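Trainee: missing the sequence, but the structure's below:
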């Protein structure tokens, strides 16, 4: 395959919890807060819905996302591939949701290699997906996760907290990859599959045990986003890949802004939505009423069918959302909420029935007392209206019945 690659963008995406100390720690570690300039904001306001902008491009730190960045320029080599890699920079997206028990941040690291070709990019895309990939940094062998924690995040870490977010992230990073060639590729669809699924280049044309089945290929290509002839995107659960020509140009500020920031924010937004839904559903049964409130607040803030007045951002947004099964997760949680509502109603109904029965018992117990009072008021002093043994037996029987019904309602 002829290497006619002109430009590329490679980012690995991870998840972590954070607290209110993170902002101060990041500033102390050399991070800078990202603020949109007025020109960019004016463009965004004319193209994107206000509710989406309030989250992803807002200066309201108590509602929208706070973004931080730091230049890295740290070089290391991947031991298994013997490829030198540069970690260029890191961005951190801190989402603010007061109703969440755990605050979630998403970080992405941009990597670069010299003299890139498709095979090298395929190799590092696969290797840099895994936390435990061995690398060599300053003549020391360490895992990729340790390198990120110690050399990049510095005062915080993205793992080792035994949290629901960490459980969702697992031992892998998500991959965001944009490739631009000097001419259109005849096999761009196959290349999208191979890079998107972290398969070796040439996997689809080979005929061996590792060649994917036709049904699997059809399933993957259902997530293809293709609106123009010069580029196509493939959105999957663990990756977002773009291949085109005259689409991404690092020398063109507008092209850079589109794929590094604007469209990339759509990807980050959807990853946060997916992560939050998984966190909510993962331990839903532990405290369903709390999770119910979290989900309702989340749904009202983050659930969008469209984010833009223009068709292309909506196509990308819908394609990513569909590929990571956001709608399925929401429907699943909604069904569980309906079940919880039924259970709560049944429990309340049983409690009301028990209360009414208790009131009836009390009323029955008090009737003889009222009758006795009336007897005395009208001067009938020598006649007993009730027998004390009968009255005592009635109290005992009703008490036993009350206990029986109470226990039955518990199960």
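Mentor: That came through, no problem. Computed from a prediction, not measured in an experiment: that's the story for all the values here.

Trainee: How about stretch 306-317, which residues are buried there?
Mentor: Buried positions in stretch 306-317, judged by neighbour count with 16 or more other CB atoms under 10 Å: 307, 308, 313, 314, 316, 317. In short, each C-beta sits where N, CA and C put it, glycine included.

Trainee: Isn't the fifth one up against residue 269?
Mentor: Spelled out, that is residue 316. No: Residue 316 is beyond contact range of residue 269, at 10.9 Å (criterion: CB atoms under 8 Å).

Trainee: And the lowest mean pLDDT element among the helices and strands of the chain?
Mentor: helix 388-410 (a mean of 64; mean pLDDT, DSSP states H and E).

Trainee: mind listing the strands for the stretch 201-350 of the chain?
Mentor: Secondary structure of the stretch 201-350 of the chain (DSSP state E, counting those that start in this stretch): strands at 224-228, 231-235, 239-245.

Trainee: any chance of the ones you listed in a markdown table, with mean neighbour count, distance to residue 281 and mean pLDDT too?
Mentor: Shown next, in a markdown table, are the strands of the stretch 201-350 of the chain (neighbours: other CB atoms under 10 Å; distance: least, CB to CB, whole Å; pLDDT from 0 to 100):
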| stretch | mean neighbour count | distance to residue 281 | mean pLDDT |
| --- | --- | --- | --- |
| strand 224-228 | 15 | 26 | 94 |
| strand 231-235 | 23 | 21 | 97 |
| strand 239-245 | 23 | 23 | 97 |
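
Trainee: Quick one, which of those strands gets closest to residue 154.
Mentor: Of all the strands of the stretch 201-350 of the chain, the one in closest proximity to residue 154, counting by CB to CB, is strand 239-245 (27.2 Å).

Trainee: Show me what that closest one is packed against.
Mentor: strand 174-181, helix 188-196, strand 231-235 (3 or more CB pairs under 8 Å, 6 or more residues apart in numbering; DSSP states H and E).

Trainee: so what strands line up beside the last one?
Mentor: Meaning strand 231-235. The strands beside strand 231-235 in its sheet (DSSP bridges) come out as strand 224-228 (antiparallel), strand 239-245 (antiparallel).

Trainee: what's the angle between that strand and helix 188-196?
Mentor: Angle, strand 231-235 to helix 188-196, by axes from the mean of the first three to the mean of the last three CA atoms, to 10 degrees: 40 degrees.

Trainee: Need the pLDDT of residue 292.
Mentor: At residue 292, the pLDDT value in this model is 85.

Trainee: give me every residue that touches residue 130.
Mentor: 144, 171, 172, 173 (CB atoms under 8 Å, 6 or more residues apart in numbering).

Trainee: who wins for most neighbours among these?
Mentor: residue 173 (26 neighbours; other CB atoms under 10 Å).

Trainee: quick one: that residue from residue 241, how far?
Mentor: Distance, residue 173 to residue 241, using CB to CB, to the nearest Å: 14 Å.

Trainee: And the strands of the stretch 201-350 of the chain: which comes nearest residue 397?
Mentor: strand 231-235 (68.6 Å).

Trainee: what's the offset of the closest one from the middle of its chain?
Mentor: Distance of strand 231-235 from the chain centroid (CA atoms, centre = their mean, to the nearest Å) equals 22 Å.
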